[in-house]
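Novice: sequence and predicted model, in that order:
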Amino acid sequence: MFKKKTTLKKEARNRIRNRIRKKIQGTSERPRVFVLKSNRYIYSQAIDDETGRVLAAASSLEKEFKAKRKKTKNIEASKIIGEAMAKRLKKKKINQIVFDRGIYPYHGRLKALAEAMRKEGLNF
């Protein structure tokens, strides 16, 4: 009869995710950049939705990231991930993307990551 709080939260997150994904589609010329935040790390992937392939990825688990930063869940860490992601997309000659914030509001670490990608020259 009564649902648990965790079930209600999962259903709400799925509604948000589905609402956003109806509007956002990635192609090979303009991939969808998806961001996932955990309590400890941040991940970013460029996805071609037509073929279902990941074109590029960056996360705070990588060795080159850990050499630069020790803390993995602050705004400076998100900026480094955004710069790395933009450089990897530039190597593949991708200049335009579609930014998918997922279930997260556009502020804090997510906004820092997006602004770092814009600073490196990506358009979205």
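Specialist: That came through, no problem.
Novice: what about the nearest residue to residue 69 once chain neighbours are set aside, how many neighbours?
Specialist: For residue 69, ignoring the flanking residues on the chain, the nearest one in space by Cβ to Cβ, 6 or more residues apart in numbering is residue 77 at 5.2 Å. Heads up, the C-betas are built off the backbone N, CA and C, glycines and all. Around residue 77 there are 21 other residues, counting by other Cβ atoms under 10 Å.
Novice: I figured residue 77 hits residue 42, correct?
Specialist: Yes: with contacts counted by Cβ atoms under 8 Å, residue 77 reaches residue 42, the gap being 6.7 Å.
Novice: which residues are common contacts for those two?
Specialist: Common neighbours of residue 77 and residue 42 are listed as 60, 109 (criterion: Cβ atoms under 8 Å, 6 or more residues apart in numbering).
Novice: pLDDT weak spots in the chain?
Specialist: Low-confidence segments of the chain, defined by pLDDT under 70: 1.
Novice: okay, and the residue nearest the centre of the chain sits in which element?
Specialist: Residue closest to the average C-alpha location in the chain (Cα atoms, centre = their mean): residue 35, at 1.8 Å. Using DSSP states H and E, the element containing residue 35 is strand 32-37.
Novice: quick revisit: find the nearest non-adjacent residue to the residue nearest to the centre of the chain, please.
Specialist: residue 44 (5.2 Å).
Novice: verify the contact between that neighbour and residue 81 for me.
Specialist: Yes: contact between residue 44 and residue 81 holds when scored by Cβ under 8 Å: they sit 5.8 Å apart.
Novice: output stretch 41-59 as PDB, restricted to C-alpha atoms.
Specialist: Taking C-alpha atoms only, stretch 41-59 is exported to PDB below (Å, rounded to 0.1, in the frame of the first residue of the first chain):
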ATOM      1  CA  TYR A  41      33.600  10.700  -8.500                       C
ATOM      2  CA  ILE A  42      32.300  12.400 -11.700                       C
ATOM      3  CA  TYR A  43      32.100  10.700 -15.100                       C
ATOM      4  CA  SER A  44      31.400  12.100 -18.600                       C
ATOM      5  CA  GLN A  45      30.700  10.300 -21.900                       C
ATOM      6  CA  ALA A  46      30.100  11.500 -25.400                       C
ATOM      7  CA  ILE A  47      27.500   9.200 -26.900                       C
ATOM      8  CA  ASP A  48      26.300   8.700 -30.500                       C
ATOM      9  CA  ASP A  49      22.600   7.700 -30.000                       C
ATOM     10  CA  GLU A  50      22.100   6.600 -33.600                       C
ATOM     11  CA  THR A  51      24.600   3.700 -33.200                       C
ATOM     12  CA  GLY A  52      24.700   3.500 -29.400                       C
ATOM     13  CA  ARG A  53      28.500   3.900 -29.200                       C
ATOM     14  CA  VAL A  54      30.600   5.900 -26.800                       C
ATOM     15  CA  LEU A  55      32.900   8.200 -28.700                       C
ATOM     16  CA  ALA A  56      34.900   9.600 -25.800                       C
ATOM     17  CA  ALA A  57      34.900   9.500 -22.000                       C
ATOM     18  CA  ALA A  58      36.600  11.100 -19.100                       C
ATOM     19  CA  SER A  59      36.300  10.500 -15.400                       C
END
